[in-house]
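Asks: the following block contains a protein sequence and its predicted model.
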Amino acid sequence: MSQPWDYIAKLVCIGDSGTGKSSLTIRLCEGRFSSSHDVTIGVEFGSRIVPVGPPASKGLEGEFIRSASVLPSSPATSASGDLVATGLPSPPRRGQEPQKKMKLSLWDTAGQETYKSITRSYFRGASGALLVFDITRPSTFTSCTQWLQDLRQIAEDGIVVILVGNKSDLAGDDSRSHQRVSRQTAEEWCRLNDVTYYVETSAKSGENVERAFLEVSEMIYRNIEAGRYDLYDRRSGVKGYGATGGSNPNVPKTVALGLNDAMRNGGNGLAGNCC
């Protein structure tokens, strides 16, 4: 039986209270939306397995996406597109690489100042973050700068961050449209703050919700391919299947993932601040 996933990565959703962080997580993990979700106290947890790398990555549009597959040389063609006989044997066709899968360990953090001392501890060991604001409330966008500073002070160097403008379904409301944070403003903020990607979502309709998480996952996967993580280091926010921090990848081990495990470790996920 094939393994259920190839990698596991810890992600955090951060941003002001009321921006829809919990709704985004519920939409991704459970495929539903609730208009009466309770305010998050501390953190909440969810998980989802998503595809990473080709062929799934070919449907993503982020500038950072580059196909990792190397296709064999195709037969020579004429200007009209007809095959040209070269007298050389056709190169062997490579079988399609199996789709890689990543299990996202999602930590939805409270946005209130009261809980910041708790939620900040969850930044440790995170390999990715979704920085969420409400596009109809400019004050939540202004707060993103402080959230990003806090994240980068605590999280590991090189954490993947994308900016998410949520509640796009409300942007057309006449009473809110005049104060809408424009895409141009958000993208310029990303450029100035070295944030790779911006996406507008609606947890209510589901628009771009999966894309937001897939973009983060794909960037993490590219970092894996570039060798930027030690998949067998306890402190790493990314692990390979069957690894819990041992140095020998041939030793059969499993990752125990659960909210109770995280709470027993002081809110930092697995021992060693993983997921």
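Replies: It's in.

Asks: which other helices and strands contact the longest helix seen in the chain?
Replies: Longest helix in the chain by number of residues, with DSSP state H as the criterion: helix 209-225. Helices and strands touching helix 209-225, by 3 or more C-beta pairs under 8 Å, 6 or more residues apart in numbering; DSSP states H and E, are strand 7-14, helix 21-30, strand 43-52, strand 100-109, strand 128-134, strand 160-166, strand 197-200, strand 238-240. Bear in mind the C-beta positions are built from the backbone N, C-alpha and C, glycine included.

Asks: how about these, which one is nearest Y229?
Replies: Between Y229 and those, the tightest spacing by C-beta to C-beta is seen for strand 238-240, at 4.5 Å.

Asks: on the pLDDT front, check the closest residue to I154 other than its chain neighbours for me.
Replies: Excluding the flanking residues, the one nearest I154 by C-beta to C-beta, 6 or more residues apart in numbering is F123, at 4.1 Å. pLDDT, F123: 87.

Asks: quick one: residues contacting G165.
Replies: F133, D134, I135, F141, V181, R183, A186, Y198, V199, E200, T201 (C-beta atoms under 8 Å, 6 or more residues apart in numbering).

Asks: hmm, 10 Å instead?
Replies: G165 makes contact with 19, 131-136, 140-141, 144, 171, 180-183, 185-186, 198-202, 208, 212 under the criterion C-beta atoms under 10 Å, 6 or more residues apart in numbering.

Asks: narrow the residues you listed to those that are buried.
Replies: Neighbour-count burial (16 or more other C-beta atoms under 10 Å) applied to those gives 19, 131-136, 140-141, 144, 171, 180-181, 186, 198-202, 208, 212.

Asks: buried residues in stretch 151-164?
Replies: Neighbour-count burial for stretch 151-164 [16+ other C-beta under 10 Å]: L151, R152, A155, E156, I159, V160, V161, I162, L163, V164.

Asks: look up how far I49 lies from the first one.
Replies: According to C-beta to C-beta, to the nearest Å, L151 stands 25 Å off from I49.

Asks: again, but for S236
Replies: Taken as C-beta to C-beta, the span from S236 to I49 is 19 Å.

Asks: more neighbours: which of these two?
Replies: Taking other C-beta atoms under 10 Å, S236 and I49 do not tie; S236 has more neighbours (23 against 14).

Asks: right, and the more buried one touches Y229 too?
Replies: Yes - S236 is within contact range of Y229, at 5.1 Å (criterion: C-beta atoms under 10 Å).

Asks: which residues are common contacts for those two?
Replies: What both S236 and Y229 touch, as defined by C-beta under 10 Å, 6+ apart, is the set A9, S127, E156.

Asks: can you get me a residue count around the second one?
Replies: S127 has 31 neighbouring residues, counting by other C-beta under 10 Å.

Asks: contacts only, for it.
Replies: 7-12, 104-105, 155-156, 158-160, 216-217, 219-220, 223-224, 228-229, 236-239, 274-275.

Asks: let's see that with 7 Å instead.
Replies: A9, K10, I159, V160, I220, G237, V238 (C-beta atoms under 7 Å, 6 or more residues apart in numbering).
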